[in-house]
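Colleague: Sharing a model that was predicted from the sequence below.
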Amino acid sequence: MGRRPIALAGPVVLAALVAATTGSGPRRALTDLRVCVDPYNLPFSNERGEGFENKIANIVAQDLNATVINYWWPQRRGFLRNSILAGFCDVLISVPVGLDPVATTKPYYRSTYYFVYRADRGLTVRSLDDTLLKHLKIGVNMIGYDYTNTPPAHALGTRGVVGLVGFGNFLNPDPQADHPQDIIDAVAKDSIDVAIVWGPKAGYWVRREPVPLTMVPLPDSDAVSGMPFAFDMAMGVRHRDKALKAQLDSVIDRRRGEIVGVLQDYNVPMLQLHP
């Protein structure tokens with residue numbers, strides 16, 4: 001198991017992470033694929049290697065004849081600053097294309113946010129403009145210590161839909177703390193009527209509920225608020241690591257079928273990548 005930091009930082013998604021300083025860690029030969037990874041963040045990763053990012057890292061390392069070295073730091077506030085930008089690791093397995101603090105590879109999947117609701121409740125929610133939403137209890141994930149809203153939550157606020165139920169967004173080793181499956185559990189238990197959840201999380205946890213749940217995709221973006229809902233996802237490296245980025249691009253081309261197979265195993269709902 002790779003190096004673990006002494007202290008854990010606070011929650012924030014990668015797309016909302018503040019642009020931090022540029023680190024200058026020591027360069028390593030590519031016999032080691034040093035991956036920045038969250039130990040408590042299924043379906044993406046955990047310290048037992050059970051997430052799809054763990055599996056994809058292994059595919060990359062096998063292709064490059066390298067060994068995965070994990071640097072564990074939760075994806076909270078300061079994640080980039082305390083991991084890849086500090087030089088403790090070299091590769092982020094899953095980041096939105098265009099995330100400014102890092103250079104991103106070609107994308108290997110695309111997903112969007114989803115409505116999730118019980119199949120037996122007779123709901124037909126298909127759009128954020130559905131007036132029914134003003135009469136339902138809606139769950140959304142909150143991001144960060146400052147409780148930044150996700151893009152769909154911002155879009156609902158633009159439409160005057162308020163009083164949303166906020167859920168934590170990250171796994172935590174404390175069984176009494178928030179966990180990402182809580183929002184899907186709340187739908188299954190009728191604590192809320194509808195959840196709006198990032199696709200990979202929704203697909204993974206919906207499949208694990210004892211009652212049938214319906215998933216309906218949001219569009220790529222919202223004309224009313226200007227918010228994007230769909231994102232191309234890629235790998236990330238430091239801007240100066242151009243050779244490593246080129247190697248990862250080549251791996252994505254060569255092993256795309258295996259990578260997509262892993263995502264399908266985790267029930268990640270994927271949209272067609274734009275050319």
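Modeller: Here it is on my side, so go on.
Colleague: Would you state the helices of the protein in chain order?
Modeller: Listed in chain order, the helices of the chain (DSSP state H) span 52-63, 151-158, 182-188, 199-206, 242-254, 256-265.
Colleague: tell me the most buried of those?
Modeller: Across the helices of the chain, averaging neighbours per residue (mean count of other C-beta atoms under 10 Å) puts helix 199-206 on top, at a mean of 24. Where you see a C-beta, it was placed from the backbone N, CA and C, and this is true even at glycine.
Colleague: hmm, who's touching that one?
Modeller: Helix 199-206 is contacted from outside by 42-44, 52, 111-114, 116, 180-181, 184-185, 195, 197, 213, 215, 217, 263, 266-270, using C-beta atoms under 8 Å, 6 or more residues apart in numbering.
Colleague: Return a ChimeraX selection command for the buried portion of the residues you listed.
Modeller: This is the ChimeraX syntax for the buried subset of the contacts of helix 199-206, where burial follows 16 or more other C-beta atoms under 10 Å:
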select :42,43,44,52,111,112,113,114,116,180,181,184,185,195,197,213,215,217,263,266,267,268,269,270
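Colleague: In strands, which of the contacts of helix 199-206 fall?
Modeller: The strands, defined by DSSP state E, take in 111, 113-114, 116, 195, 197, 213, 215, 217 from the contacts of helix 199-206.
Colleague: quick one on the thing from earlier: where among the helices of the chain is the average confidence lowest?
Modeller: Ranked on mean pLDDT, the bottom entry among the helices of the chain is helix 151-158, at a mean of 91.
Colleague: before we move on, back to that, with distance to residue 104 added, can I get the helices of the chain in TSV?
Modeller: Shown next, in TSV, are the helices of the chain (distance: least, C-beta to C-beta, whole Å):
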stretch	distance to residue 104
helix 52-63	15
helix 151-158	19
helix 182-188	27
helix 199-206	17
helix 242-254	8
helix 256-265	15
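Colleague: Out of those, which gets nearest to residue 98?
Modeller: Judged by C-beta to C-beta, the one of those that comes nearest to residue 98 is helix 242-254, at 13.8 Å.
Colleague: how much space is there between residue 69 and residue 106?
Modeller: Between residue 69 and residue 106 the computed distance is 24 Å (C-beta to C-beta, to the nearest Å).
Colleague: now residue 244
Modeller: Distance from residue 244 to residue 106, by C-beta to C-beta: 14 Å.
Colleague: okay, and the common contacts of the two?
Modeller: With contacts defined as C-beta under 8 Å, 6+ apart, no residue is adjacent to both residue 244 and residue 106.
Colleague: circling back to that earlier point, tell me which of residue 69 and residue 106 has more neighbours.
Modeller: Taking neighbours as other C-beta atoms under 10 Å, residue 69 and residue 106 compare with residue 69 leading, 19 against 16.
Colleague: Quick check, the more buried one in contact with residue 32.
Modeller: Yes: with contact defined as C-beta atoms under 8 Å, residue 69 reaches residue 32; the gap is 4.8 Å.
Colleague: my read: residue 38 touches residue 70, true?
Modeller: No: using C-beta under 8 Å, residue 38 makes no contact with residue 70, being 9.9 Å away.
Colleague: so where's this structure shaky on pLDDT?
Modeller: Along the chain, the parts satisfying pLDDT under 70 run over 1-30, 143-148, 169-178.
Colleague: Let's see that with 90 instead.
Modeller: In the predicted model of the chain, residues 1-30, 39-41, 73-79, 141-150, 162-163, 166-181, 274-275 satisfy pLDDT under 90.
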